[in-house]
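*Asks:* the following comprises the amino acid sequence and a computationally predicted model.
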Amino acid sequence: MFGPDMCGVDHKYHFIIRYRNPKTKVYSEHQAKKPTEPLDTYFTDKKSHLYTLGKSMGISFFDF
């Protein structure tokens, strides 16, 4: 799951990924840290916003 979400009056930004360890075959779920900036303006400014998720080599991700 990736992107912004408005749950009632709470504004959230989600990035959740399930990863299967190739050695142990165990699945684990990882979530993004909570953003430091307020997300209210993304829902109230009536503009469209583009969210992009990139993956670098290995298992690291970045968004911008």
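*Replies:* Everything's here; your move. Numbers count the residues shown, from 1 in each chain.
*Asks:* name the residues that touch stretch 21-30?
*Replies:* Outside of stretch 21-30, the residues within contact range by CB atoms under 8 Å, 6 or more residues apart in numbering are 16, 17, 18, 19, 20. Using the backbone N, CA and C atoms, a C-beta is placed for each residue, glycine as well.
*Asks:* show me where the protein has its helices.
*Replies:* Listed in chain order, the helices of the chain (DSSP state H) span 40-44.
*Asks:* among the contacts of stretch 21-30, who's most crowded?
*Replies:* Of all these, the most densely surrounded is residue 17 (15 neighbours; neighbours counted as other CB atoms under 10 Å).
*Asks:* would you point out which residue is most central in the protein?
*Replies:* Compute the mean C-alpha point of the chain, and by CA atoms, centre = their mean the closest residue is residue 15, 2.1 Å away.
*Asks:* which of the contacts of stretch 21-30 fall in strands?
*Replies:* With strands identified by DSSP state E, the entries of the contacts of stretch 21-30 that belong to them are 16, 17, 18, 19, 20.
*Asks:* nearest to residue 39 among these?
*Replies:* Ranking the ones in strands among the contacts of stretch 21-30 by separation from residue 39, with CB to CB as the measure, puts residue 16 on top at 16.4 Å.
*Asks:* name whatever forms a beta bridge with the closest one.
*Replies:* Here residue 16 shows beta-bridge partners residue 31, assigned using DSSP bridges.
*Asks:* looking at it, it is touching residue 53, isn't it?
*Replies:* No: using CB atoms under 8 Å, residue 16 is not in contact with residue 53, being 11.5 Å away.
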